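Chemist: When you get a sec, could you give me coordinates for this:
(one chain, ligands or ions: 1)
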Amino acid sequence: MFEYSPPADLLADRTFLVTGAGGGIGRACSLNLLAHGASVVMLSRDQGKLESLYDEAEQSWPGRSFIQPVDLGRAGAEDFGVIAASLEKQFPALDGLVHNAAVLGPRSPIEFYPEQQWREVMQVNVNAAFLLTRSLLPLLAKSADARVLFTASSVGREGRAWWGAYAVSKFAVEGLMQTLAAEVGTTTSIRVNSLNPGGTRTAMRAAAYPGENPDTMPTPESLMPVYLYLLGPEGRNLHGQALNVRDFDPATI
Ligand SMILES: NC(=O)c1ccc[n+]([C@@H]2O[C@H](COP(=O)([O-])OP(=O)(O)OC[C@H]3O[C@@H](n4cnc5c(N)ncnc54)[C@H](OP(=O)(O)O)[C@@H]3O)[C@@H](O)[C@H]2O)c1
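Modeler: Residues are numbered from 1 along each chain as shown. Model (predicted):
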């Protein structure tokens, strides 16, 4: 695993938005960004989880956490416009957007995959990521050194039976990452990558592998050195890359 122990002020004066902050990897990511000096807008569906995260964050890092409850499965372009306008009033720039929220959907062969759930998975995992990115690009462009980090999956890099819309949505996320990276690479300071966390001890992993002993999986916290590197100043040299936590080594990329 990548070893990296950045200083506590690594992300001082930077502002990030993390989707899916209510649990799992997004929660760990939000807390680690706060612990390294950033202000963090924590976006997720469940208001109760966000409020308890906010309370925890306020105790250690007062005044730097903000919560944004939103159901990405239902939000439309107007809702994202309202979120962007609100952030524009509060912050001079956005220094990072971490697209972490996703839903797994049913594990089913394509032949029997339910249409409505296909649409829901694509809505949360792809369409919402597109709409949120589009609405926040102007604020990201105001940063001297911004990041957009998409969350990938192994099944979105090589197709695998029964992963249905989840796998297809993660292929789409790679396409969105590459397209955006090609567009903003020379005209802005925004750096865009995708990161595959690999199997991680979360609710989603437990739903996908109900027979697995969760204790055999790495914790979300253990992934955080890679997230901090990519989102911090040293990550600016990486752009348009499909990265993996497991084999992450900036010296070889
Ligand atoms: N865990 C793994 O082994 C693994 C492996 C490869 C990739 N990934 C990827 O890593 C990312 C994080 O996954 P995780 O394992 O941490 O999953 P998780 O524990 O299920 O957390 C997902 C987060 O996304 C939020 N979310 C889901 N649907 C939403 C919606 N409609 N609107 C707003 N927020 C929504 C959830 O919010 P609520 O709590 O409010 O429902 C939750 O906070 C995902 O992109 C996943 O595909 C995970």
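Chemist: By proximity to the ligand, which residue of the chain wins?
Modeler: Gly24 (2.2 Å; Cβ to the nearest ligand atom). All C-beta spots, glycine's among them, are computed from the backbone N, C-alpha and C.
Chemist: List the contacts of that residue.
Modeler: Thr200, Thr202, Ala203, Met204, Pro220 (Cβ atoms under 8 Å, 6 or more residues apart in numbering).
Chemist: As CSV, those residues with distance to Arg119, pLDDT and secondary structure would be great.
Modeler: Formatted as CSV, those follow (distance: Cβ to Cβ, whole Å; pLDDT from 0 to 100; DSSP: H, G, I helix; E, B strand; the rest coil):
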residue, distance to Arg119, pLDDT, secondary structure
Thr200, 26, 98, coil
Thr202, 24, 98, coil
Ala203, 22, 98, helix
Met204, 19, 98, helix
Pro220, 28, 98, helix
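Chemist: For the residues you listed, give me JSON lines that also has neighbour count and distance to Val82.
Modeler: Converted to JSON lines, the contacts of Gly24 look like this (neighbours: other Cβ atoms under 10 Å; distance: Cβ to Cβ, whole Å):
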{"residue": "Thr200", "neighbour count": "19", "distance to Val82": "32"}
{"residue": "Thr202", "neighbour count": "21", "distance to Val82": "29"}
{"residue": "Ala203", "neighbour count": "11", "distance to Val82": "28"}
{"residue": "Met204", "neighbour count": "17", "distance to Val82": "28"}
{"residue": "Pro220", "neighbour count": "21", "distance to Val82": "29"}
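Chemist: Out of those residues, the closest to Leu131 would be?
Modeler: The shortest approach to Leu131 among those belongs to Met204, at 21.9 Å (Cβ to Cβ).
Chemist: Touching, the closest one and Ala101? I think so.
Modeler: No. When contacts are counted by Cβ atoms under 8 Å, Met204 is not listed as touching Ala101 (10.4 Å).
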